[in-house]
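A.B. asks: prediction below, plus the sequence it came from.
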Amino acid sequence: MTDVTIRGIDDETYSRFAAEAKKRGVSIGELTTEAMRSLINETSGPSYRIGDVNALVVSRTDLESLDGPVTLTDIDMLEFDESVDWPTFSQHVKSIRDVDLLLLPRGLTKFQILTKSKDVALIQSKDGGSIPRKR
């Protein structure tokens, strides 16, 4: 066992975590170890980062061609074509970051996309609806 000090944990999160440990009858250290192991197991395996491009159109075939989740980042214009549905998106896209314009097919909603997005300036549906995001 290693003794560590962790700084910068949100007070409410820590209180809820400590309450969960008490409810389970384990120490905070044991629950922390369990949470760390779970995260490591969840994220083990390949993951990909694609970015630093001006424009990218992503298809279902593109997403399914990778054997792990993908992060799409630093893209001026990112478009998901009509073949990308929610199950495909949810399973294969880890996150979307730093995108100026994100174009959605009719099969995806803005809220579905927002669950995995950060720093996206404008999200626009192909049906014309758009939502500007605060950056």
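C.D. replies: Nice, thanks for sending it over.
A.B. asks: outline the domain layout of the chain.
C.D. replies: 11-43, 48-132 (automatic domain parsing).
A.B. asks: out of the ones you listed, which is the most enclosed?
C.D. replies: Using mean count of other CB atoms under 10 Å, the stretch among the domains of the chain with the largest mean neighbour count is domain 48-132, at a mean of 16. For every residue, glycine as well, the C-beta is placed using N, CA and C.
A.B. asks: quickly list what the residue nearest in space to the middle of the chain is bridged to.
C.D. replies: Central residue of the chain (CA atoms, centre = their mean): residue 95, 3.3 Å from the mean position. Residue 95 has the following beta-bridge partners by DSSP bridges: residue 71.
A.B. asks: for residue 29, see how far away it is.
C.D. replies: 30 Å (CB to CB, to the nearest Å).
A.B. asks: low-confidence ranges, the chain, go.
C.D. replies: 43, 127-135 (pLDDT under 70).
A.B. asks: what about the longest helix in it?
C.D. replies: Secondary structure of the chain per DSSP state H: the longest helix is helix 28-43.
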